[in-house]
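> no letters, just coordinates:
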């Protein structure tokens, strides 16, 4: 994973969790999310897509979900995040 970059405050579309940082994946990791980049909420694991206009996140289309679900990096990150969420105290 890349280093964290500071962002304006975004809110998860599912749980409302506020976040102001992002980490990229890839070689080399992108310096910051751009419109079309995938967002995974660290609180609930919800997948969203960054946009270039407020509210800055939108739901992924069905076609995008298929493409995202096929990405091995995204699958690995989603598995790790699901394990971390499951291990959190209630």
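That came in fine, so what should we check first? It should be emphasised that the depicted structure is a prediction, and the values quoted were computed from it without experimental measurement. Numbers count the residues shown, from 1 in each chain.
> ok, residue 43 - contacts?
12, 15, 17, 85 (Cβ atoms under 8 Å, 6 or more residues apart in numbering). In this view, the C-beta of every residue, glycine as well, is placed from N, C-alpha and C.
> from residue 88, how far off is it?
Separation of residue 43 from residue 88 (Cβ to Cβ, to the nearest Å): 9 Å.
> got it, and residue 27?
Distance from residue 27 to residue 88, by Cβ to Cβ: 30 Å.
> next, the buried residues of the longest strand belonging to the chain.
The longest strand of the chain (DSSP state E) is strand 4-11. Going by neighbour count (16 or more other Cβ atoms under 10 Å), the buried part of strand 4-11 is residue 10.
> listing partners with orientation, what would you give for the helix or strand following that strand?
Following strand 4-11 in sequence order, the next helix or strand is strand 18-23 (DSSP states H and E). Here strand 18-23 has these sheet partners by DSSP bridges: strand 4-11 (antiparallel).
> not counting its own residues, what contacts the partner strand?
Here strand 4-11 makes contact (Cβ under 8 Å, 6+ apart) with 17-24, 31-33, 39, 55-57.
> what's the farthest-apart pair in those?
Using Cβ to Cβ, the contacts of strand 4-11 span at most 23.3 Å, a distance reached by 17 and 31.
> who's more crowded, these two?
residue 17 (14 against 11; other Cβ atoms under 10 Å).
> so which of the contacts of residue 43 is the most crowded?
residue 12 (19 neighbours).
> in this protein, where's the longest helix?
With secondary structure taken from DSSP state H, the chain has its longest helix at helix 72-87.
> report the buried residues of that one.
Quick answer for helix 72-87 (16+ other Cβ under 10 Å): 74, 77-78, 81.
> avg pLDDT for that helix?
The predicted model assigns helix 72-87 a mean pLDDT of 90.
> got a list of what residue 60 touches?
Residues near residue 60 by Cβ under 8 Å, 6+ apart: 38, 47-49, 68.
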